[in-house]
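Undergrad: Whatever this is, show me its structure:
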Amino acid sequence: MATVLLVRHGRTTANASGVLAGRTAGVRLDAVGIEQAKRAAARVAAVPVVAVVSSPLERCRQTTRILLASQQGTLSTSIEKAITECDYGEWQGRQLSDLSKEPLWSVVQSQPSAAVFPGGESLAQMQARSVSAIRRLDAEFEAEHGPRAVWVAVSHGDIIKSVLADALGMHLDLFQRITVGPASLSIVRYGANRPDVVSTNTDSGDLSWLAKSEAPADAAVGGGAGTE
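TA: Next comes the predicted model:
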C-alpha cells in the first residue's frame with residue numbers, strides 16, 4: 001500500500017488574528033508559519049517522496065514550495081481543487097469570536113454532519129470530495145510507483161480532520177475530536193482491507209523509517225515491534 005503524508009499549511013496571518021480565512025485570496029503564512037513549514041520540510045526531506053499535491057490556496061502552495069525546496073531531484077507536483085478549504089460561505093472572513101455566538105456554531109461543534117454554511121457548502125460535502133480525492137490519488141500513485149510509494153498532500157485543518165475521520169472509521173459527527181495543528185503531519189496507508197492511520201498531528205520526529213519499511217498486510221496482534 002502507498003503512504004500519504006497529510007500536511008496542513010503553516011500558521012497564517014488569519015490564524016494568528018482569529019479570522020476564518022476560508023477561501024479568501026492572498027492569505028499567506030506569517031513568520032511563525034514559515035518556520036513551521038521549514039520544520040515540516042526538514043522531516044519530509046528524509047523520505048523519498050514521489051509527488052506533492054497541494055490545495056490551490058496560496059497558504060498551501062507556499063507551504064508546498066518550502067517542502068519542495070528540501071527535496072532531492074524533481075518531483076511530480078500538482079494542484080487538486082478537491083482538497084481546497086471548506087466553502088464557509090457567509091462565515092468567511094469573520095472573526096471566530098463572533099461566529100461562536102451564531103446558532104450554527106453549536107451544530108458545527110456537536111453535529112457537524114448536519115452543518116451547512118450559509119451561502120457555502122456542508123461539512124458532509126467537504127468530507128465527501130476530499131476523501132474521494134485522497135483515495136483516488138493514493139491509488140494512482142501506488143499504481144504508478146508501487147506499494148512503497150510515499151506522497152504528500154498539503155491541505156487545510158478541517159479537510160485533513162475529515163480525511164482522518166474517514167480513515168479511522170469515525171462518523172463525521174466525531175471529527176471535532178481530532179486536532180490538526182499548523183504544519184503538522186499525519187500519516188495514512190490505505191490497505192486492501194482497511195486504512196491504517198499511522199500517526200496524527202505530529203510536529204516532530206524522524207520519518208526516515210518510511211524509506212526503509214514496508215507496510216504490513218495485516219495489523220500486528222499485540223501492537224507489533226514498531227520501527228527502529
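Undergrad: Give the other helices and strands that the lengthiest helix in the chain contacts.
TA: For the chain, the helix that runs over the most residues, judged by DSSP state H, is helix 123-145. Applying 3 or more CB pairs under 8 Å, 6 or more residues apart in numbering; DSSP states H and E, one finds that helix 123-145 contacts strand 3-8, strand 49-54, strand 150-155, helix 157-168, strand 185-190. For glycine as for every other residue, the C-beta is placed from the backbone atoms N, C-alpha and C.
Undergrad: so where is this protein shaky, pLDDT-wise?
TA: 213-228 (pLDDT under 70).
Undergrad: and the nearest residue to A41 once chain neighbours are set aside, what does it touch?
TA: Using CB to CB, 6 or more residues apart in numbering and skipping residues adjacent in sequence, the residue nearest A41 is S70, 4.1 Å away. S70 sits next to K38, A41, A42, V44, A45 when contact means CB atoms under 8 Å, 6 or more residues apart in numbering.
Undergrad: residues of the longest helix of the chain that come out buried?
TA: In terms of neighbour count (16 or more other CB atoms under 10 Å), helix 123-145 has its buried residues at 123, 126-131, 133-135, 137-138, 141-142, 145.
Undergrad: Now the two most distant members of those residues.
TA: The distance between the two most remote of the buried residues of helix 123-145 (CB to CB) is 32.2 Å, for L123 and H145.
Undergrad: I159: which of the buried residues of helix 123-145 is nearest?
TA: Each of those was scored against I159 by CB to CB, and S130 proved nearest at 4.8 Å.
Undergrad: R136 and S130: what is the separation?
TA: To S130, R136 is 11 Å away according to CB to CB, to the nearest Å.
Undergrad: That should have said A153, apologies.
TA: For A153 relative to S130 (CB to CB), the value is 9 Å.
Undergrad: again with E144
TA: Counting by CB to CB - E144 and S130 are separated by 21 Å.
Undergrad: Would you check that V197 makes contact with D166?
TA: No. Applying CB atoms under 8 Å as the test, V197 and D166 come out as separate, 10.0 Å apart.
Undergrad: quick one, which of the two is more surrounded?
TA: Each of V197 and D166 has its neighbours counted (other CB atoms under 10 Å); D166 has more, 21 against 16.
Undergrad: show me the contacts for A25.
TA: Contacts of A25 (CB under 8 Å, 6+ apart): E58.
Undergrad: Tell me both backbone torsions, phi and psi, for it.
TA: Dihedral pair for A25: phi -70, psi 150, per degrees, to the nearest 10.
Undergrad: could you check the distance from the nearest residue to L137 once chain neighbours are set aside over to T74?
TA: In space, and not counting its chain neighbours, L137 is closest to V53: 6.0 Å by CB to CB, 6+ apart. Using CB to CB, V53 is found at 15 Å from T74.
Undergrad: more crowded one of those two?
TA: Legend: neighbour count by other CB under 10 Å for V53 and T74, higher for V53 (23 against 7).
Undergrad: element containing the residue nearest to S208 when sequence neighbours are not counted?
TA: Excluding the flanking residues, the one nearest S208 by CB to CB, 6+ apart is A46, at 4.0 Å. For A46, there is no helix or strand it lies in under DSSP states H and E.
Undergrad: pretty sure A46 contacts L207?
TA: Yes. Contact status for A46 versus L207: in contact at 5.2 Å, counting by CB under 8 Å.
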